[in-house]
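For reference, the sequence and a predicted model appear below.
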Amino acid sequence: MVFVRSTIAHAAVTGIDTTDAETMPGVLAVYTSRNLALDVVQGFVMLPPAFSRPPLATDRVRFVGDVVAAVVAETRAEAVDAAEMVIVDYDPLPVVLDVEAALDDGATLLFEEHGSNLAIAFEFGEDPDLLADAEVVVAQRIENQRVAAVPMEPNGSS
């Protein structure tokens, strides 16, 4: 099986044509959200339900690499060749490239029904006297690389 992935960071999916891919040698099936009825998958259990999404993108992709189709073939090479024949029509949507900008009012929302790009927030309170007697206090903004310690596949679904 080979996945067809979004080449666009944020877009409406206006069509997926699998006709040519389905006729390629060795292809057993080509699946999209329209012909493979999978339930929406609850992601990280602490996130609001608005962030849940199906294993295959339906009407929107939200990151480069979002899975839009799956090609099943007799060999990996045949699946790769067929995946290249899947045509996905995208209507690009605005993107936000900076974490702080994503939190601004009026920023493009990835999950509009949630109403914010802030997925979850924790409040631990503040102790204004915690560092009052410290000889040195260092404040620094650190940007983390865009790598997460979780694999994209295999995704489990029931």
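Cool, got the structure.

Going by C-alpha atoms from here, please, whenever you check contacts or count neighbours.
Fine.

Next SSE downstream of the top helix by length along the chain?
Identified as the longest helix of the chain according to DSSP state H is helix 76-83. Sequence-wise, the next helix or strand downstream of helix 76-83 (DSSP states H and E) is strand 87-92.

List the contacts of that following strand.
Residues outside strand 87-92 that contact it (Cα atoms under 8 Å, 6 or more residues apart in numbering) are 8, 10-18.

Now restrict those to buried residues only.
8, 10-13, 16, 18 (16 or more other Cα atoms under 10 Å).

Pull the most distant pair out of those residues.
Using Cα to Cα, the buried ones among the contacts of strand 87-92 span at most 21.3 Å, a distance reached by 10 and 18.

how about residue 2, what does it touch?
So residue 2 contacts 70-72, 76, 79-80, 83 (Cα under 8 Å, 6+ apart).

The same query, at a cut-off of 7 Å, please.
70-72, 79-80, 83 (Cα atoms under 7 Å, 6 or more residues apart in numbering).

list the helices and strands the longest helix of the chain packs on?
strand 2-5, strand 67-73 (3 or more Cα pairs under 7 Å, 6 or more residues apart in numbering; DSSP states H and E).

Closest to residue 123 out of the contacts of residue 2?
Closest to residue 123, out of all of these and judged by Cα to Cα, is residue 70, at 40.6 Å.

what does the model give that closest one for pLDDT?
At residue 70, the pLDDT value in this model is 96.

I'd say it and residue 16 touch.
No. With contact defined as Cα atoms under 7 Å, residue 70 does not reach residue 16; the gap is 11.7 Å.

What separation do you get for the nearest residue to residue 113 once chain neighbours are set aside and residue 59?
Distances taken as Cα to Cα, 6 or more residues apart in numbering place residue 50 nearest to residue 113, at 6.3 Å, with adjacent residues excluded. Counting by Cα to Cα, to the nearest Å, the gap from residue 50 to residue 59 is 15 Å.

now the residue nearest to residue 113, what's its secondary structure?
Residue 50 falls in the helix class when you classify it by DSSP: H, G, I helix; E, B strand; the rest coil.

Quick one: residues contacting it.
Contacts of residue 50 by Cα under 7 Å, 6+ apart are 111, 113-114.

Could you pick out the buried ones from those residues?
Of the contacts of residue 50, these count as buried by 16+ other Cα under 10 Å: residue 111.

Now do the strands in the protein.
2-5, 11-17, 27-31, 60-61, 67-73, 87-92 (DSSP state E).

which residues does residue 114 contact?
Counting by Cα under 7 Å, 6+ apart, residue 114 has contacts residue 50.
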